[in-house]
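Q: Need a 3D model of the sequence below.
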Amino acid sequence: MDFALSEEQELLQQTLRGFIENECPPSVVRESFDAEAGPDPGLWKGLVELGIAGLLVPEERGGAGLGLLEAALAAEELGHGAVPAPFLGHALACVALVAGGSDAQKRRWLPALASGEAVASVALAEPSPEGSDAWDPAHWRCRIEDGRLRGRKAWVPQAAGADLLVVALAGGRLALAETGAGGVGIAPLDGVDRTRRLDAVDLDAAPAEPLEGDALPRVRDAGLVLLAADAFGAAYRLVRMSAEYAQSRQQFGQPIAQFQGLKHQLADMALDVDPTRSLWWYAAHAFDHLPAEAERAAALAKAHITDRAVQVARGAVRAHGGLGFTWECDVQIWFKRTLFDRAWLGTPEVHRERAAALGGW
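A: I've put the predicted structure just below:
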């Protein structure tokens, strides 16, 4: 059995990485990171032209008709480049529509999402004094009354630039809300990762279109895999940034990469990252082809990889010495990227408990 990527999958990553290197180098990422207005919409337009927006949209609806593995490969490259783009929320909204949308909803929205004519996001979590409760459907209170949405959502990725929101309701059902239809109030939140801005969304009698079926588990599992892939890409970048810095930084007349203690630290960082690639590859494959294993594989990938990524990020700060703790050092951008991946959709502790329960432990 061949466990390697196909030529088409490798080409997808190579094309995307080349685009990011040319159009979104660290200097551009920092400009977006520092800006109050958020990311340049021209960057998302370029990604749309590469087909990123429609990866998960069926071909008959104008998309590429690919699976979550291809979307996760794209997420790895976006994490590697810390690209400020609305990919995460947009991709999960596509998953929700494909899994639970009516024919009319799919016909209206999927072609527009695939072409980039419309941008979507997902509004899942709700404010909670207990952080772990925010992502638990049992604690959600958003509801539909007389065809109108009422409630408040927190930590919605890039809602301010979205045309469509997929909103989670009490009990775990999903509904669509157009941001321009009235009754949708959006306020920025001061999130740690400024490459993926977060917003609070107030729904005050906003027109709603419920989705059919139970699409939330598919959205959750897809989100866990995409976060794991993004964290892997960010951690992989941090390891190489640290190695390059160690080879260029001089102390006592030689590169600090020659010091045994730092050699061991860099080796440990690499070992924390490299072996986890197969974990999110398999989780994405299970999502596409092995539904009985998808839920647990996604939980394990999210829990382990995002935890390791944050550990690698801490190591990268130490490897850069005093410079690593400063705003001027680019390490902080990728560090904060891993913190977002670790926290959004629930912490590793939450998903380790889920994985244990799903495994009958």
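
Q: Okay, buried residues for the one helix or strand residue 112 maps to please.
A: Element membership of residue 112, judged by DSSP states H and E, is helix 103-115. With burial defined by 16 or more other CB atoms under 10 Å, the residues of helix 103-115 counted as buried are 105, 106, 108, 109, 110, 111, 112, 113, 114, 115. For the C-beta atoms, the positions are set from N, CA and C on the backbone; glycine is no exception.

Q: Next: stretch 115-132.
A: Taking 16+ other CB under 10 Å as the basis for neighbour counts, the residues of stretch 115-132 that come out buried are 115, 116, 118, 119, 120, 121, 122, 123, 124, 125, 126.

Q: residue ranges with poor pLDDT in the stretch 51-200 of the chain?
A: 129-132 (pLDDT under 70).

Q: picking that back up, give me the distance between the helix holding residue 112 and the centre of its chain.
A: Taking CA atoms, centre = their mean, to the nearest Å, one finds helix 103-115 lying 22 Å from the centre of the chain it belongs to.

Q: follow-up on the earlier one: can you list the buried residues of helix 103-115 in CSV and add distance to residue 134?
A: Written out in CSV, the entries for the buried residues of helix 103-115 read as follows (distance: CB to CB, whole Å):
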residue, distance to residue 134
105, 27
106, 29
108, 30
109, 27
110, 29
111, 33
112, 30
113, 26
114, 30
115, 33
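
Q: Of these, which pair is most distant in space?
A: By the measure CB to CB, those have their two most distant members at 105 and 115, which lie 16.5 Å apart.

Q: And for the closest residue to residue 337 other than its chain neighbours, the neighbour number?
A: Excluding the flanking residues, the one nearest residue 337 by CB to CB, 6 or more residues apart in numbering is residue 234, at 4.5 Å. Residue crowding around residue 234 was assessed by other CB atoms under 10 Å; the count is 33.

Q: For residue 234, give its distance to residue 6.
A: Residue 234 sits 25 Å away from residue 6, taking CB to CB, to the nearest Å as the criterion.

Q: go on, residue 48?
A: Between residue 48 and residue 6 the distance, using CB to CB, works out to 23 Å.

Q: Looking only at neighbour counts, state which of these two leads.
A: For residue 48 against residue 6, the residue with the higher neighbour count under other CB under 10 Å is residue 48, and the figures read 19 against 11.

Q: Name the SS class of residue 165, please.
A: Each residue gets one of three states, and residue 165 gets strand by DSSP: H, G, I helix; E, B strand; the rest coil.

Q: Return the distance of it relative to residue 121.
A: Residue 165 sits 6 Å away from residue 121 when distances are taken as CB to CB.

Q: Common neighbours of these two, please.
A: 93, 156, 159 (CB atoms under 8 Å, 6 or more residues apart in numbering).

Q: Among the residues you listed, which one lies nearest to residue 100?
A: Of all those, residue 100 sits closest to residue 93, with 11.1 Å by CB to CB.

Q: element containing residue 172, please.
A: For residue 172, there is no host helix or strand (DSSP H and E).

Q: let me fix that: residue 311
A: Taking DSSP H and E as the criterion, the element that holds residue 311 is helix 291-319.

Q: in that helix, what's buried?
A: 294-313, 315-317, 319.

Q: Check which helices and strands that helix sits against.
A: Helices and strands touching helix 291-319, by 3 or more CB pairs under 8 Å, 6 or more residues apart in numbering; DSSP states H and E, are helix 216-248, helix 260-273, helix 277-289, helix 331-343, helix 348-358.

Q: now those in TSV, with distance to residue 24 and mean pLDDT?
A: As requested, those are arranged in TSV below (distance: least, CB to CB, whole Å; pLDDT from 0 to 100):
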stretch	distance to residue 24	mean pLDDT
helix 216-248	13	94
helix 260-273	22	88
helix 277-289	22	97
helix 331-343	12	97
helix 348-358	28	96
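
Q: quick one on the thing from earlier: and which of the buried residues of stretch 115-132 is nearest to residue 177?
A: Proximity of the buried residues of stretch 115-132 to residue 177 was ranked by CB to CB; the top entry is residue 123 with 7.9 Å.

Q: what bridges to the nearest residue to the closest one once chain neighbours are set aside?
A: Using CB to CB, 6+ apart and skipping the chain neighbours, the partner closest in space to residue 123 is residue 153 (3.8 Å). Applying DSSP bridges to residue 153 gives these bridge partners: residue 201.

Q: just the CA coordinates of stretch 158-178, formatted as CSV?
A: Taking Å, rounded to 0.1, in the frame of the first residue of the first chain, the C-alpha atoms of stretch 158-178 are listed here in CSV:
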residue,chain,number,x,y,z
GLN,A,158,-13.0,36.9,10.5
ALA,A,159,-16.7,37.5,10.7
ALA,A,160,-16.2,41.1,9.8
GLY,A,161,-15.2,40.2,6.2
ALA,A,162,-17.8,37.4,5.8
ASP,A,163,-21.0,37.5,3.7
LEU,A,164,-22.4,34.3,5.2
LEU,A,165,-22.2,32.8,8.7
VAL,A,166,-23.0,29.2,9.6
VAL,A,167,-24.4,29.6,13.1
ALA,A,168,-24.5,26.8,15.7
LEU,A,169,-27.8,26.5,17.6
ALA,A,170,-28.7,25.1,21.0
GLY,A,171,-28.6,21.3,20.8
GLY,A,172,-26.1,21.3,17.9
ARG,A,173,-28.1,22.1,14.8
LEU,A,174,-26.8,24.7,12.3
ALA,A,175,-28.4,27.7,10.5
LEU,A,176,-27.3,30.2,7.9
ALA,A,177,-27.3,34.0,8.5
GLU,A,178,-26.3,36.6,6.0
